[in-house]
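> just to be clear, the model below is a prediction. Sequence and coordinates:
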Amino acid sequence: MRISGTFVLGAIMGAAAVWLWGREVEEYVEEKTRGVRTKAAEGVRAVEEKAGQALDLGEHVLRRADEFLQDTKEHVGEALRAAEGTIRPAPTTGNG
């Protein structure tokens with residue numbers, strides 16, 4: 001019973017401390033962490049900008065790759081049609 005009594009007393013004292021000094025502690029923490037939070041927010045903004053630049057670059061690369069693939073597709077199609085025309089036997093005449 002002694003440990004549970006100590007726990008209950010600690011909980012009551014903690015609640016009283018929060019009730020009495022909670023606002024002062026909150027203001028103190030707010031004041032002391034302002035610079036850190038500002039730097040963190042600036043870091044998040046920098047990450048957003050870099051990510052946007054990387055995605056824009058990726059979009060540009062993908063567009064160029066798509067253009068390259070379309071050009072390649074056209075060249076392959078032309079080469080295959082030329083090969084088909086070369087291998088296809090000439091039509092026979094009906095004079096058999």
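Now that the structure is in, tell me what you want to look at. Residues are numbered from 1 along each chain as shown.
> going forward, measure contacts and count neighbours with C-alpha atoms only.
Will do.
> where in this structure is pLDDT low?
1, 94-96 (pLDDT under 70).
> pull the number of nearby residues for Val18.
Val18 has 14 neighbouring residues, counting by other Cα atoms under 10 Å.
> ok, Leu55 - contacts?
Counting by Cα atoms under 8 Å, 6 or more residues apart in numbering, Leu55 makes contact with nothing.
> what about it, helix or strand, and which?
helix 2-87 (DSSP states H and E).
> and that helix, how far out from the chain middle?
Centroid displacement of helix 2-87 relative to its chain, using Cα atoms, centre = their mean, to the nearest Å, is 6 Å.
> Gln53 - how many residues pack around it?
Neighbours around Gln53, by other Cα under 10 Å: 12.
> how close does it get to Val76?
34 Å (Cα to Cα, to the nearest Å).
> what of Ala54?
Distance, Ala54 to Val76, using Cα to Cα: 32 Å.
> and Thr93, helix, strand or coil?
Recorded secondary structure, Thr93: coil (DSSP: H, G, I helix; E, B strand; the rest coil).
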